[in-house]
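> next comes the sequence, and after it the predicted model I'd like to discuss.
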Amino acid sequence: MVVVPLALLAWVAWRLARQEQAVLREQMRDLLADRLRDIDRLMAVHFDTVRRDMHRLTSVDQYPPDALRKRMRQDARVFQLFVIQPNGALLYPNPLGPLNRKEREFLARASPIIVDRDLQRAADASGEQAGALDTPAPSRGRKEQRRDRQVATRQEASGWFVWYWGRGLNLVYWQRRRSGHIVAAALDRARWMADLIAALPDTPQSGTDVLPEASSFRVRLIDSTSQPVYQWGRYDVPDQTAPASEIALSTPLSAWRLQQFVPAQRLARRTRSGTAFNLAMGLAVAAAGLVSLAVYLYREYARDMRESARRVSFVNQVSHELRAPLTNIQMYAELLEADLEQMPRAASDGPRARLKVIQWESQRLGRLIGNVLTFAREQRKALRLNPSPASVDRIVADVIERFRPSLQKMGIQTQFDGGAEAPVMVDADALEQILGNLINNVEKYAAGGRWVGIATRAEDGRSFITVSDHGPGIDDAARDRVFQPFWRGSEKLDQAAGTGIGLAIARQLARLHGGEIWLDECPRGACFQVVLATPPVAQQKIS
């Protein structure tokens, strides 16, 4: 009562705790991802400042080389300014004109994106996308206005262009002027990376991080080749450790990622501590409740058992006390019957009829007392059988003969088909009580059918007895309940009286005899099938 529910409750709590831990782990990962997104926004703000500066630097419509060189020297972050004509040809630095060292180095590096027109195609695609999103106001000549606006948008587009050379990723900010020229600034890789790292945190602010201790985490900035560019935090990440959280960066570093690592045991401890406490408290409360309930139910059960034992003992004593006067009544009825045999028939007919009633009722009372005593012994687990050599057919015939007067009085015809004459080992008293209870049920509930049939047969050390009637039968819903103690088909006062233990006693006696009793299917009325284990004995005369 305590262990099984508690074990089931513990299993359910364990499953719920695992689900809660999984939810907490996801929440923790979301918190870590939010921190990484905060860092990404910090980087986006940094690059937005660089974009505004580069936009001012590339806002030029005159392209003399000396003026462009002077303009480029205004910002140390720029490695090289260059201009592409509307037809895709490189205007500055002119490969055919005089070049300085930086211009020659730039041409050596950037010739693929200029020759292959990668930058021009990216600028055209960006301008067309911006133009497609533009919706003109409805007015006269709106088609022409839309075309002009799309052309202007495409001409004035700007943005970042990423290209790879040498040590990795390089950044270019470009701007298409109204003339169709693309003015672009290639940033110095070492400078823009140094500025970016300077903008990133080097030591976490105490009390502001999800895991505030610096030794409890590490954040890595990873390039497109999965190599760390920069990292902070003092947690030593073991090899082959997956990050607790990871996000991709915003433009222009969308090929790079931010990763955060935390000790697995620390993450598990954070998600497990509260869950373990709640689980322990819940199990403790449930265990206390179950133990209290078990103690209460045990005390109530013990009290009921004592009350039941006292009632059974009382009924047993009363039944034994009733046996003595009932025996005297039956004995004096037999003596009175012998005296009436010596009287003239005319004078003895009336007393003889009244004597028969006394005998029938005393027999019925004897069967009731026998059922009560048998039920009391069964409740005390003291019911025992004593098999002895006997004939099943002769036992059945004797029982029918004892019931014949009462059956004839009720107009019930009796039919007996014997097929178990051979002597077998059987408890005659138990078999008589089984048959007596079944025939008594016919008297109570099936007298309207005016017929009861009993058939016997023996096979393979077993005796089969069938008791059937032509009464109203038993509903399918009640077939499994008729053998329950104290169950009766009807509790109405105008129905047949009874204790409701007859069929329960019959089944218990049959099972003690190594057999069974059940309600069989039949076309009319009720049909009870009794099977008893009756080993055969040597042929001998059965008196």
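Cool, the structure landed.
> any chance you could map the helices in the stretch 101-250 of the chain?
101-115, 118-133, 142-155, 189-199 (DSSP state H, counting those that start in this stretch).
> rank these by pLDDT, which is bottom?
When the helices of the stretch 101-250 of the chain are ranked by mean pLDDT, helix 142-155 comes last with a mean of 49.
> residues in contact with the residue nearest to residue 39 when sequence neighbours are not counted?
Nearest non-adjacent residue to residue 39, counting by Cβ to Cβ, 6 or more residues apart in numbering: residue 258, 6.0 Å away. All C-beta atoms are positioned from the backbone trio N, CA, C, and that covers glycine. Neighbouring residues of residue 258 by Cβ atoms under 8 Å, 6 or more residues apart in numbering: 36, 39, 40, 219, 220, 221, 222, 246, 247, 249.
> ok but residue 286 is inside a helix, no?
Yes. Judged by DSSP: H, G, I helix; E, B strand; the rest coil, residue 286 forms part of a helix.
> how is this structure carved up into domains?
Per automatic domain parsing, the structural domains of the chain span 3-46+201-262, 59-195, 384-533.
> how about the ones you listed, which one is nearest residue 350?
Distance to residue 350, taken as Cβ to Cβ, is lowest for domain 384-533 among the domains of the chain, at 16.3 Å.
> end-to-end on the closest one?
Domain 384-533 has an end-to-end distance of 15 Å (Cα to Cα, to the nearest Å).
> lowest-pLDDT helix or strand in the protein?
When the helices and strands of the chain are compared on mean pLDDT, DSSP states H and E, helix 142-155 comes out lowest with a mean of 49.
> about what we covered before: what's the model's confidence in whichever strand or helix holds the residue nearest to residue 39, averaged?
Under the criterion of DSSP states H and E, residue 258 resides in strand 257-261. In this model, strand 257-261 has an average pLDDT of 92.
> distance from the chain centre to that strand, please.
Relative to its parent chain, strand 257-261 has a centroid offset of 37 Å by Cα atoms, centre = their mean, to the nearest Å.
> returning to what we had before: among the domains of the chain, which comes closest to residue 307?
Per Cβ to Cβ, nearest to residue 307 of the domains of the chain: domain 384-533, 15.8 Å.
> neighbours of the spatially closest residue to residue 517 that is not a sequence neighbour, just the number please.
Excluding the flanking residues, the one nearest residue 517 by Cβ to Cβ, 6+ apart is residue 510, at 4.4 Å. By other Cβ atoms under 10 Å, the residues close to residue 510 number 21.
> contacts for stretch 89-105, please.
63, 65, 68-69, 79-85, 106-107, 114, 181.
> from those residues, which is closest to residue 50?
Proximity of the contacts of stretch 89-105 to residue 50, judged by Cβ to Cβ, is greatest for residue 79, which lies at 13.3 Å.
> is it true that the closest one lies in a strand?
Yes. Counting by three-state DSSP, residue 79 is part of a strand.
> that one and residue 187 touch, don't they?
Yes. Using Cβ atoms under 8 Å as the test, residue 79 is close enough to residue 187 to be in contact (6.2 Å).
> same for the helix or strand encompassing residue 529, what does it pack against?
Following DSSP H and E, one finds residue 529 within strand 527-533. Packed against strand 527-533 by the contact rule (3 or more Cβ pairs under 8 Å, 6 or more residues apart in numbering; DSSP states H and E) you find helix 428-445, strand 462-469, helix 502-512, strand 516-520.
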